[in-house]
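**Q** Quick one, fold the following:
(one chain, ligands or ions: 1)
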Amino acid sequence: MVQPPSASVTQPRGLRGDYSRAAADYSVEQHWEDYSAEEHAVWAALYTRQLALLERYAAPEVLQGARSLGASATQIPRFERVNRVLAAATGWQMVAVPGLIPDQSFFEHLANRRFPVTVWIRRRDELDYLVEPDVFHDFFGHVPLLTNAVFARFMQAYGEAGPKAMAVPGGLRMLSRLYWYMVEFGLIRTALGLRAYGAGILSSKGETVYSVESREPQRLRFELTRVMRTDYRIDTFQRTYFVIDDFQELFAACYGTDFAPLYRRYAALAALAPDARLPEDVPLPAPT
Ligand SMILES: [Fe+2]
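**A** You can find the predicted model right below:
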C-alpha cells in the first residue's frame, strides 16, 4: 500500500489501537501524560514480576540492556528519554505506533534502526495473556537487546531482508519464521547455562520458566534453513525452541546468507511441523 506522506492510515480490522492519527509510516505521538494511574499500575505489576525472573532466566545481555535503559519500575517509560540511551548505545530509536503495522512499514523501520513500540498497555485482567503486542511486550521484550551492538545489527539486517522476501512467493512466510523463532522465542547457551532472550518468552511469566526448565519442548541447535522451514504455534507455548551460542552466530547466518535460493527451494514445499524432528537436528539435552 503506497500512500502520500501526509495521508493518515486506515484502521486495520480487528486491531485495538487508534490508527486515526498515525502518519503514513504508522508512527504516532506517545502522549505519555495521557496514561492513567491504573495504566501505570499495570506496568508496575508486569515490570516487577518479569524483572525478578530475568536474573534467573534471561541472557546476561538482556539484563544488562534492561538496566542500562533506566526504565521506571512504576511508570510506563517515556520513549524520548529511553531513546537518548538507545541512540548513544547503538544508534537505534523506538518509534511509537498504535499496534501491529503492515509488514512493509515494519521492515522499513527496522532497516533504518527504528523499532516500532505499541503505545497502549493491556488491562489488569490480561496480565498473563494478550493476543496483540502492547507497550509492555514491545518495550520490555524487545528494547533491552537493542542496546547490544551485534543483536541490533541483526535486527537491521532482518529489516533489510524484508522487501526481498516479499518479492518471492512464500518468501515472507519463511522470513517470518526466523523472526518468530529467533527474535520472539530464541534461547541462548551461556556460561551460566541455558537462558532466554526472545521477547515473546521474556514478556510471559509462564513461558519464561517453561522455555528454560520444562522437559516438554525440544531444544535444537540453531540452523537457519531448519528454522525457516518450520511452522510455529501461536496459541500455546512453543513445541520447539532453537538455541544459539551467541548473537554473532545469528547475525552471521542472516547477514552472510542469500535467502533467495532458500525461498526458491523450500517456499513451495510443505512446512515442517512445529514439533518435527529431523535426523540432522542437533538436540540439547533435556533439563534435569
Ligand atoms: Fe514481539
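
**Q** which residues touch the one helix or strand Ile201 maps to?
**A** Assigned by DSSP states H and E, Ile201 belongs to helix 199-202. Residues outside helix 199-202 that contact it (C-beta atoms under 8 Å, 6 or more residues apart in numbering): 50, 53-54, 57-58, 62, 137-138, 140-142, 180, 183-187, 196, 207-208, 211. Where C-beta positions appear, they are placed from N, C-alpha and C, glycine not excepted.

**Q** Also stretch 97-108?
**A** 1, 12, 15-19, 22, 25-28, 109, 116-120, 132-133, 158-163, 166, 172.

**Q** what's near enough to touch Pro217?
**A** Taking C-beta under 8 Å, 6+ apart as the criterion, Pro217 is in contact with Tyr210, Ser211, Phe237, Gln238, Arg239, Thr240, Tyr241.

**Q** how about 6 Å then?
**A** Residues near Pro217 by C-beta atoms under 6 Å, 6 or more residues apart in numbering: Gln238, Arg239, Tyr241.

**Q** With pLDDT and secondary structure added, can I get the residues you listed in TSV?
**A** Listed next are the contacts of Pro217 as TSV, based on pLDDT from 0 to 100; DSSP: H, G, I helix; E, B strand; the rest coil:
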residue	pLDDT	secondary structure
Gln238	96	coil
Arg239	95	coil
Tyr241	98	strand
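
**Q** out of these, which one sits closest to Leu69?
**A** Closest approach between the contacts of Pro217 and Leu69, by C-beta to C-beta: Tyr241, at 25.4 Å.

**Q** rewinding a little: give me the mean pLDDT for the helix holding Ile201.
**A** Averaged across helix 199-202, the pLDDT comes to 96.

**Q** same thing with stretch 171-186?
**A** The predicted model assigns stretch 171-186 a mean pLDDT of 97.

**Q** how deep is Thr74 tucked in, by neighbour count?
**A** Thr74: 10 surrounding residues under other C-beta atoms under 10 Å.

**Q** which among the contacts of Pro217 end up buried?
**A** Among those, those buried by neighbour count (16 or more other C-beta atoms under 10 Å) are Gln238, Arg239, Tyr241.

**Q** my guess is the second one contacts Asp275, does it?
**A** By that I understand Arg239. Yes - counting by C-beta atoms under 6 Å, Arg239 does reach Asp275; the two are 3.9 Å apart.

**Q** What ranges does the stretch 101-250 of the chain have for its helices?
**A** All helices of the stretch 101-250 of the chain, identified by DSSP state H, counting those that start in this stretch, fall at 103-111, 135, 149-166, 171-179, 199-202, 205-213, 224-228, 247-255.

**Q** Excluding chain neighbours, what is closest to Leu172?
**A** Taking C-beta to C-beta, 6 or more residues apart in numbering, and ignoring the residues beside it in sequence, Leu172 has Ala165 as its nearest neighbour in space, at 4.9 Å.
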